[in-house]
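Q: Structure for the following, please:
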Amino acid sequence: MVDMNDSYQSTIINILKGKDCTTLELETKLSIQGIRCPDDLARTLNVMRRKGLINGKVSTERGGWVWWVEG
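A: Just a heads-up that it's a prediction; the model follows:
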């Protein structure tokens, strides 16, 4: 059985490969694909960051958190 959370995290990782996104940009990209976060997106992204799945930092230039995947 596939865990929806794993599938959701895989989708986020695929979106972030090769391009960094703010939380709002990522939310828009997910919405365009018809995907709605089962939890608060910012919380999910921070959990993924703590697990080492994605990277993130606050960007004053872009007005919020910016997320990316290494490699």
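
Q: Against Gly56, how distant is Trp65?
A: Using C-beta to C-beta, to the nearest Å, we find Trp65 at a distance of 5 Å from Gly56. Where you see a C-beta, it was placed from the backbone N, CA and C, and this is true even at glycine.

Q: what's the helix or strand for the residue positioned nearest the centre of the chain?
A: Per C-alpha atoms, centre = their mean, the C-alpha nearest to the average position across the chain is that of Ile12, at 4.6 Å. Taking DSSP states H and E as the criterion, Ile12 maps to helix 4-16.

Q: after that helix, next one along is what?
A: Past helix 4-16, heading to the C-terminal end, the next element that is a helix or strand (DSSP H and E) is strand 21-22.

Q: in the following helix or strand past that following strand, what's buried?
A: The element immediately downstream of strand 21-22 (helix or strand, assigned by DSSP H and E) is helix 23-32. By 16 or more other C-beta atoms under 10 Å, the buried positions in helix 23-32 come out as 23, 25-27, 29-30.

Q: go on, stretch 35-46?
A: Along stretch 35-46, these residues count as buried under the neighbour rule (16+ other C-beta under 10 Å): 37, 41-42, 44-46.

Q: Quick check: which ranges of the protein have low pLDDT?
A: Judged against pLDDT under 70, the low-scoring parts of the chain cover residues 1-4, 37-38.

Q: what do you get if the cut-off is 90, keeping everything else the same?
A: 1-8, 18, 33-40, 71 (pLDDT under 90).

Q: that older thread, mind checking how far the residue nearest to the centre of the chain is from Glu61?
A: The spacing between Ile12 and Glu61, counted by C-beta to C-beta, is 22 Å.

Q: Does Arg62 touch Leu24 like I think?
A: No. Using C-beta atoms under 8 Å, Arg62 and Leu24 do not qualify as a contacting pair, with a distance of 9.3 Å.
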